[in-house]
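# dropping a prediction and its sequence here:
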Amino acid sequence: MRVLLINPKFRLPIDTRTTAHLGLAYLGAVSERRGDEVMVFDADVEEQSVSDFVQAYRPHIVGITANTPQVKQAWRTAAAVKQVHDVPIVLGGPHVSVLPEESCAKPHVDIIVRGEGEEAWIDICDRLEKFLLDQTHFSTTGFMDPKHKIFDDCLGLTYKSSDGAIHHNPDRVPIADLDTLPWPAYHLFKMERYTNLQPATDRVDGARSFSIMTSRGCPYRCTFCSQSIMPIKWRSRSAENVIAEWRHLVHDLDAQEIGVLDDSANIRVKRLEELGHALIENELHHVPWIFVNGIRANLASKELLGLLKQAGLKRLAFGVETGDPEILKS
């Protein structure tokens, strides 16, 4: 099948960052492993309109990512796609995972994937491909017809059948072994058009930057975070798997900077120490890297930070919420 993955355009006035979307890179990788033809349309770096792109490519399915600041643009993107091509549209990401009915109620959105997307996305594609085998003329209305019961047992979905009813299926269990995932498919992105890892760091970060995730989830439930509403169990990749991908980014993709996107990178200090030593032993510490998200200050010792600096760590941030003990309890 032809698969199209879209990152909707969204740029803050102070945000000069353009970084390849890691979530879409993972979806692209699992889709290619399934045997699909995959294209990525990142509106932040594309010159062509999404409508023209869709008309030329004619995908069988479209996936659109959406965090909170860009969710309205995701809805507009879905509408633009539907205006030129009858195709099932799937939304995923933090915002729609927490508020799935809000987006599913939009007329141009068919399916919401809640939580981790790789297994649910492949499940959707498998069911769509099976449906297409028996069709001489495809329509999304027919595909989403409740009489077919295509998604009745598909976990982790909120979807809208063609009669307008919204269905909320049970959650899907998070991926237990992250080493089973293929590495992100960065070859699907126009990497020469990306700049840096964080806002307003054009003269600080290397231009050819890549992201990596060594763990997923978080054991904490901070009230300001989606984890308090949609908790995802913390899991980590093996050091061997991480180092192999890190080596690929440095030697094969010529990474000038690497951003670690873990939600809680230093939950297990021993694991992070092992990673630091492995980067040094494998001579990968000459390429600077950063923690894109904050790490926990109470688990960051002087010794740990010294080791990570030797391993190439250039910049980090602490997730300081407040200095008021009473507010910290809330």
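Perfect, I can see it now.
# and the nearest residue to residue 144 once chain neighbours are set aside, how many neighbours?
Among residues not flanking residue 144 along the chain, residue 162 sits closest, at 4.5 Å (CB to CB, 6 or more residues apart in numbering). Placement of C-beta: from N, CA and C, glycine included. Applying other CB atoms under 10 Å, we find 16 other residues in the vicinity of residue 162.
# show me the contacts for residue 42.
For residue 42, the contact set (CB atoms under 8 Å, 6 or more residues apart in numbering) comprises 6-7, 20-21, 24, 189-190.
# among the residues you listed, who's most crowded?
Ranking the contacts of residue 42 using other CB under 10 Å puts residue 6 first, with 29 neighbours.
# what residues are up against it?
Residue 6 makes contacts with 24, 40-43, 50, 62-65, 77, 81, as judged by CB under 8 Å, 6+ apart.
# and for residue 185?
So residue 185 contacts 25-26, 28-29, 32, 38 (CB under 8 Å, 6+ apart).
# residue 219 now?
Contacts of residue 219 (CB under 8 Å, 6+ apart): 233-234, 264, 267.
# narrow the residues you listed to those that are buried.
Listed as buried from the contacts of residue 219 are 234, 264, 267; burial here means 16 or more other CB atoms under 10 Å.
# tell me which of those is nearest to residue 119?
residue 234 (17.9 Å; CB to CB).
# burial count for residue 139?
The number of residues packed near residue 139 is 12, by other CB under 10 Å.
# please apply the same query to residue 104.
Residue 104, neighbours per other CB under 10 Å, totals 20.
# likewise the one 3 residues further on?
Residue crowding around residue 107 was assessed by other CB under 10 Å; the count is 11.
# swap in residue 70?
Residue 70: 22 neighbours (other CB under 10 Å).
# returning to what we had before: dump the buried ones among the contacts of residue 219 into TSV; add pLDDT and distance to residue 240 as well.
Converted to TSV, the buried ones among the contacts of residue 219 look like this (pLDDT from 0 to 100; distance: CB to CB, whole Å):
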residue	pLDDT	distance to residue 240
234	87	19
264	85	21
267	84	19
